[in-house]
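Chemist: Any chance you can model this:
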Amino acid sequence: VAFVVCRSLEGLKTFSYLEELILDNNLLGNDLLLPRLPHLHTLTLNKNQISFQRNTCKILLDHLAEVVPSLQYLSLLGNIACPNELVCREKDEDDYQRYRYFVLHKLTNLKFLDTRKVTKREREEALIRGAFMKVVKPK
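Modeler: Below you'll find the model as predicted:
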């Protein structure tokens, strides 16, 4: 097993039948561009540099919805975009739940987000209010 720090995912275009991709602990940010991977069902981007700055996370989630239509499991733990009270004391469970609604609004086929299964109630809330749930607090 080899571990490499990734800054670009250009080479993935030759792996169109890829089903699982683990990109934890890299330097990937909101400008992450994946090639079309129609069979990818699992993507982990834990501990990268993904944040909710302006509309960049919305653009990233829209991009993922387009290029990985079979995505069912996504994990963003350890990124600024994922408000987790274990990583940042200023965040709480309500922040995390709003984040989940926002991501589920964009990626409607997800069955798991981070470490938790997506519930029917969460999916319903995401449809109704997810677009308004970006976690942003004044400085």
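Chemist: Contacts made by stretch 62-81 with the rest, please.
Modeler: With contact meaning CB atoms under 8 Å, 6 or more residues apart in numbering, stretch 62-81 is reached by 24, 32-52, 57, 82, 84, 87, 99, 103, 106-115. From N, CA and C alone the C-beta is placed, and that goes for glycine too.
Chemist: Let me know how buried the closest residue to residue 61 other than its chain neighbours is, in neighbour terms.
Modeler: Leaving out its chain neighbours, the residue that sits closest to residue 61 by CB to CB, 6 or more residues apart in numbering is residue 106, at 3.7 Å. Residues contacting residue 106 under the criterion other CB atoms under 10 Å number 18.
Chemist: what's residue 106 in contact with, if anything?
Modeler: Here residue 106 is in contact with 58, 61, 62, 64, 65, 130 (CB under 8 Å, 6+ apart).
Chemist: Including neighbour count, distance to residue 124 and pLDDT, could these go into TSV?
Modeler: Listed next are the contacts of residue 106 as TSV, based on neighbours: other CB atoms under 10 Å; distance: CB to CB, whole Å; pLDDT from 0 to 100:
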residue	neighbour count	distance to residue 124	pLDDT
58	16	21	84
61	21	19	94
62	13	21	94
64	22	22	96
65	14	19	97
130	21	10	78
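Chemist: Out of those, list just those in helices.
Modeler: 58, 61, 62, 64, 65 (DSSP state H).
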